[in-house]
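Colleague: Quick one, fold the following:
(chains A and B)
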Amino acid sequence: MINNWLKNIDLQLLLIYFVLVILGIASIYSTTFDESYSSIFSFNKSYGKQIMWFGISLCVGIIILLLDIEFIRKYTEVFYGITTLLLILVLLFGTERNGAKAWFGIGSFGIQPAEFAKITASLFIAKYLASVNTSIYKLQSQIWVSVILFVPIILILKQPDLGTVLVFLGFILVLYREGIIGSIMLYGLMVAAVSVVSLILKDTFSTLLGYTFHSHYMLIGALVIMAVFIALGVNITTYKRYRRTKHLQIIAVTAIAIIIVPLMKFGFEKIPENHYQRVRVEIILGLKKDPRGVGYNSHQALSAIGSGQFLGKGYKNATLANDTYNQVPEQSTDFIFCTVAEEWGFLGSFLLFSLYMILIIKIIAIAERQRSDFGRIFSYSVASIFFIHFTINIGMVLGLAPIIGIPLPFFSYGGSSLLTFSIMIFLLLKIDSDRLEIFR
Amino acid sequence: MNNKSFESRKNVLLVIVLSIGFIFVVRLLFIQVIDDKWNNESIKISETKKIIEPDRGIIFDRNGKVMAVNQTNFELRLTPNKVKDFDTMQLSQLLNIPFDSIKPRINKLKRYWRSKQVFVKTVPANNLSKLTSLMFKYEGFELAEKSLRVYPANCAAHLLGYVREVDGEIIKKKPYYRGGDRIGISGLEKYYEDELRGNRGNDKFLRDAYGNLKKLTASDTAKSGNNLTSSIDLELQRYGERLMQNKLGSVVAIDPSSGEILAMISSPTFDPNLLSGDTMSRNWKRLRNNDSLRPLYNRALRSRNSPGSIFKMVQGLSAWELGVINLDTKIFCDHNVVGCHNHKQAQGLADAIKYSCNPYFYETFKLITTSREGENIFEKSKIGLQTWNEYVSSFGLGKDLQLDYPGYSTGNIPLPSVYDKMYNKWSYRTCNSLAIGQGEMLVTSYQMANLACVMANRGYYYYPHFIKKIENNFLNPKYEQRQYTKISKEKFEPIVNAMQQVIEGDGGTARRARIEGIEICGKTGTVENSRGKDHSVFIAFAPKYNPKIALVVYIENGGYGGTWAAPIASLMTEKYLTDSISNTTEEQRILEANLIQKNDK
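Modeller: Okay, the predicted model is just below:
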C-alpha cells in the first residue's frame, strides 16, 4: 500500500511546492535582513518563524500522506463543522489586527481559522457534489452548495476579511467546470456589476417623467426589464423541457440582484466611515480620492517594483521593500512580491509568475486526470483558491485591484496560510496518488 | 458520468488563468521596464541629499589683516505641527523678543504646518548655550547653524560690497544657486563671487519611509571658497576714511610700481556690517532712500567729474610730444584768453605747471589743432581733437582700465563726433576749455589716481586692481603688463620736477602738502562747479624717486585744491610711507572740518 502511493506521488507538483516555499522563505529573510544582526536563524525573526511553520507543514503533510483518504472523506462534515465553529468563536474571542477580528493569538503566533475553512469547504463541496443522489441541476443541490459556501462567507464578512470572501466566491469557477450552466456565471457577473453600480449610485437621485427617484429604484426597474428580456430570449433558444428551470434560475438571480441593491447600501454604510477597506473600495470606485492616506500603500509598492527595472537590484539589496527602509507597508506579508520585484527585477518576477502559472495549470491537469468526482472537484477547488489568491494579491500589488489583504501562496509571511496551502498540496498529492485505486 | 460533457470547459478556465498571467506580465513590463515613472518615483521617496555648505573665502588686506570673514550664527527653526505647549515667557527672554509676539509668530508659520521654517534668524549669542541646554523643553524647535558674513574692520564698505540670499531671479539665471544660498551683490564680493563661493558638497543618503537617513551612498565633499588677499592697506584705508569724514568725495591710492590699489575711499561711507545679517534689507533701504548724500554710491569708481588743472600735465606733455612746444616755450599769460590767478610769468612748460597757468595751456591746445594738416580751421580742429584724444587717452583717462570690480564708470574724453552732434560748425575755440581739464571731459577718481601713477612711473601704468593674490589661482596676467603712454620717457622728468615745485617751490599751489623728509610731487586742481562751490582736487606721488604711492583726493565743493585735497593727500602719503603723522595740527584741522553743504539735496 505505502509503496504504491509513494510510487504514484506527483514529483513535479512536489518540486514546484518546495521551490516556491524555499523562495518564499528566502524573500522573507531578505526583507528582514539587517547587517547588524549576526545570528542567521532565529525564532524571533519572521523568517525563523516561517521556517518553523514550514517544518510543521511538512509534518502535517507526511501525516496526510500516511492517512487513508477515506478517513478524510468520512469526517469531512466534522472538519467543516469545526472550522465553522472556529469562525464563530473568532468573532467572539479573536484578536483584532488591521481592523479585522480574524485571529486567535497564541503567544507571538497567530492562527486564522478562515484559512482552514477554505480547505474544509473545498472538501465538503467535493464530497457533497460527488455523492450519488445529488446533481448540480437540482435546485435542492444548488441550494445546499450555496449554503456550504455562504455559511463561512457570512462569518468571514463579519470579521471583516474581504480577501477570503473573494476566495470563496472563486468557487464559482469550480461549479462552472462541474456544469452549472454558463449563464449562471454571467448572472454572477451581473450581480457583481449590480453591487458595484449600486454602491456608486448609493447617494444619487434620478429624474424620470418629472418624478425624482432614488437611483436604486431606477436600477431595480432596469434589472426587472432585463430579466424579462432574458426570459424571452430563453423561450426562443431553449427546448421546452428546460425552460421552466431556466426561468426559475432567472427569477432567482434577479431576485438576488434586487435584494443586493439596498443591501449593499446598508451593508456598506454599516462599515465605519474611515475603515480602511471601505475607503479602499471607495477609492477604486472613484467615490473618494485620497492617495496620501490609503493610496499610499499602492504608491509605495509600485515605486518599489518600478525601481527593480529589468534585472533587479540583487538579492538582499532592496532599498525600499525591506524592514530597514520600510517604504512598503506589510512588505513581508501581503506585499512580499515587491521585494521579489525590486531584487530580481522584471526577469525574476516573470519567472515567478510563470512558476505560479505552471502550478495552477499543473493542478488543473491533475484535476482532469482524477477518476473520482470527489478528487476532481477538490482539485479544482485547490486550483481556484491558488488562482484567486495569486490574482488578487498580484493585482493589488500591481495597482490593478483594490488593496485587499490576501497572502501570496507560499511567499507571504504567515503560518496559517503556509500551513493551509501546504495541506492543500499534500491532500492533492494524496488524492492523486490514490486515483488508480478508487473507482467511483 | 455527466461531467464528461463539460470537460471542454477546462479550456475556458485555462484561458482565464493564462490571460490573467498575461495581463500581469504586461503590466509589470510597463512598471519596471518601459515606463520610468515608478522608478523615478522610487528615487524621489528613497533618496535624499544632504547639502554641505562650503565656507566662503576670507578677504585679507595686503598685510594679512582680515577684512571679510564668516561667523557662525544660530537660527531657531520650528515645525509648527510638532510644537507642544512650552514656556513662552522663558523662550521670549532667551531670544530677546517680546513675550506676546511668540504666539502670532507661530501662527504665521502655521500655513505650512509640516515644514521646517525659520522662527528667529539669529539667536542672541549670550543666550545660546543656555538655550542649547534647554532645547529639550521646546518640542518642534530646532537650532541650526547659519553662516553670516561679517566685516571685522568695519570699513571699506564700497570696496567689499555685500552678500545676500539669492532670489528667484538669480536662481533662474544661475543654476548653481539654490534657495538660501548667498551671492555677492556688489564690490569684491560680487566680482570674485566664483572664487569666494567655493562648491557645495553633497551627501547622498538612502532614507526610510519616515525620513530617517539610513545609508550613505555617495559623498561629494564641499570645497571651501578661495581666500583673497586684497591690495588694500587696511590702516591707510581706515585713516583715509577718517580724514574724509564730513566731506563729500573720494580718495584713490595706488602703488604705482604694480597698479595695486592701496585705498579706495568714497565719502560718505557706512559700516559694511549694516548690509549683513537680519537687519540688512531695512538698513539698505535706509541708506538708499533716506540719505540725500547717497552713501551707497561709489564716488571713487562711478562719479564722473572734470579733472581740472591736474590735467595740465597731460596737456603739456601731449603738446610737447606733438612738437608744438618744447620745454622752454614761453607763452604770455593773457587773461583775455581765459581767466587766471596772479602769478609770475611762466618761463616754460615746467613753470606753467607749477603756477597752473590757464592761458598757457589754452595756447598749447590751439597749437595742437592749428598745426594739423587740413583745408580750414574747422577741419584742422577736427583732426587736431582726434590726435589730442589719442594722446590723452594713452594716459588712461576716459579709458576702461579693467578694474576687478563690478560696475565702474570709464569716463569720457570727447571725440570730434561729440561736437559734430552739438554744432554745425566748430573749431578749437569751441572746446578749448578741455586744455585745462574742464568742459566735456569727464574722468573718474581712479583714472586721476592712475594719472598720478603715470607721472610716478614716468610714462606707463599698470591696470589698477584690488586683489593681490587669489588662493589656488592666478591673478589675471593683464594686471602685470605695463601700459605705455604715447609720450617718450625722457619728457617726464622735467614735468615731475615741476610737480615737486608745486609743493616745495615758492608760489607753488600746494605748499600745504609738504612733508618733512619726503620728496612729494603733486598737482592741485580747482574744478569749476556750476552748481555750487568748486571741487577741490589733488594728485600726488611720493617719494619722487622710486615712488611707493600715487593718489588722488577729490573733494566736492572743497574750494581750492590746495586747501583740503592737498593736505589730505599729504597726510595719507606720510601715513603710508612712515606710519606716523608729523603735522598733527593739520591732521586735526582736517578731521574737524565739515565741508558738507547743509542745503545740499
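Colleague: how is chain A carved up into domains?
Modeller: As assigned by automatic domain parsing, chain A contains the domains A:2-160+A:271-433, A:179-270.
Colleague: Lowest-scoring secondary structure element of chain A by mean pLDDT?
Modeller: strand A:205-208 (a mean of 59; mean pLDDT, DSSP states H and E).
Colleague: What is the longest strand of chain B by residue count?
Modeller: Secondary structure of chain B per DSSP state E: the longest strand is strand B:66-78.
Colleague: continuing past that strand, what's the next helix or strand?
Modeller: helix B:88-95 (DSSP states H and E).
Colleague: Show me which residues of the stretch 1-150 of chain B sit near chain A.
Modeller: B:2-3, B:5-7, B:9-10, B:12-14, B:16-18, B:20-21, B:23-25, B:27-29, B:31-33, B:35-46 (Cβ under 8 Å from any Cβ of the partner chain). Using the backbone N, CA and C atoms, a C-beta is placed for each residue, glycine as well.
Colleague: Show the buried residues in those residues.
Modeller: B:6, B:9, B:13, B:17, B:20-21, B:24-25, B:27-28, B:31-33, B:38-39, B:41-42, B:45-46 (16 or more other Cβ atoms under 10 Å in any protein chain shown).
Colleague: Can you tell me the element the spatially closest residue to B:Ala435 that is not a sequence neighbour falls in?
Modeller: Leaving aside its sequence neighbours, B:Ala435 sits nearest to B:Phe365 (Cβ to Cβ, 6 or more residues apart in numbering or on different chains; 3.6 Å). Using DSSP H and E, B:Phe365 sits within helix B:358-370.
Colleague: circling back: which ones among the buried ones among the residues of the stretch 1-150 of chain B next to chain A are found in helices?
Modeller: Among those, DSSP state H puts B:9, B:13, B:17, B:20-21, B:24-25, B:27-28, B:38-39, B:41-42, B:45-46 in helices.
Colleague: Using pLDDT, spot the least trustworthy of the residues you listed.
Modeller: Among those, B:Arg9 has the lowest pLDDT, at 80.
Colleague: For B:Lys130, see how far away that residue is.
Modeller: B:Arg9 is 82 Å from B:Lys130, where distance means Cβ to Cβ, to the nearest Å.
Colleague: By proximity to chain A, which residue of chain B wins?
Modeller: B:Trp38 (2.4 Å; Cβ to the nearest Cβ).
Colleague: Give me the buried positions along stretch A:232-245.
Modeller: Buried-residue list, stretch A:232-245, by 16+ other Cβ under 10 Å: A:Val234.
Colleague: so how far is that stretch from its chain's centroid?
Modeller: Its chain's average C-alpha position is 35 Å from that of stretch A:232-245, according to Cα atoms, centre = their mean, to the nearest Å.
Colleague: Distance across that stretch, terminal residue to terminal residue?
Modeller: Stretch A:232-245 has an end-to-end distance of 14 Å (Cα to Cα, to the nearest Å).
Colleague: try stretch B:306-325
Modeller: From its first residue to its last, stretch B:306-325 covers 25 Å (Cα to Cα).
Colleague: pLDDT at the residue nearest to B:Tyr191 when sequence neighbours are not counted, what is it?
Modeller: Nearest residue to B:Tyr191, sequence neighbours excluded (Cβ to Cβ, 6+ apart): B:Pro406, at 5.0 Å. pLDDT for B:Pro406: 92.
Colleague: which residues sit in contact with B:Pro406?
Modeller: B:Gly161, B:Ser186, B:Gly187, B:Lys190, B:Tyr191 (Cβ atoms under 8 Å, 6 or more residues apart in numbering or on different chains).
Colleague: for A:Gln159, same thing?
Modeller: A:Val90, A:Leu91, A:Gly94, A:Ala100, A:Lys101, A:Ala102, A:Ala114.
Colleague: Go through the residues you listed and name the one nearest B:Gly561.
Modeller: Minimum distance to B:Gly561 across the contacts of A:Gln159 is 97.3 Å, recorded for A:Ala100 (Cβ to Cβ).
Colleague: and stretch B:67-79, how far from the chain's centre?
Modeller: That offset, for stretch B:67-79, works out to 25 Å (Cα atoms, centre = their mean).
Colleague: so which strand or helix has residue 195?
Modeller: Picking chain A for this. Element membership for A:Ser195, per DSSP H and E: helix A:182-200.
Colleague: let's do chain B instead
Modeller: helix B:193-197.
Colleague: thinking again about what came up before, list the contacts of the residue of chain B closest to chain A.
Modeller: B:Trp38 sits next to A:Leu302, A:Ser303, A:Ile305, A:Gly306, A:Ser307, B:Ile31, B:Gln32 when contact means Cβ under 8 Å, 6+ apart.
Colleague: which of those residues tops the neighbour count?
Modeller: A:Ile305 (32 neighbours; other Cβ atoms under 10 Å in any protein chain shown).
Colleague: And that one, how far from B:Lys215?
Modeller: A:Ile305 is 21 Å from B:Lys215, by Cβ to Cβ.
Colleague: which residues of chain B score low on pLDDT?
Modeller: Scanning chain B for pLDDT under 70 picks out B:1-5, B:597-601.
Colleague: Try it again at 50.
Modeller: B:1-4, B:599-601 (pLDDT under 50).
Colleague: Could you do chain A as well?
Modeller: Scanning chain A with the threshold set as pLDDT under 50 gives A:439-440.
Colleague: Strands along that one, start to end?
Modeller: A:95-97, A:100-106, A:109-111, A:205-208, A:211-214.
Colleague: Which residue lies nearest the spatial centre of chain B?
Modeller: B:Gly187 (2.8 Å; Cα atoms, centre = their mean).
Colleague: now the nearest residue to it once chain neighbours are set aside: how far from B:Gly184?
Modeller: Among residues not flanking B:Gly187 along the chain, B:Gly161 sits closest, at 2.1 Å (Cβ to Cβ, 6+ apart). Applying Cβ to Cβ, the value for B:Gly161 to B:Gly184 is 6 Å.
Colleague: what about B:Asp55, neighbour count?
Modeller: So B:Asp55, with other Cβ under 10 Å, has 17 neighbours.
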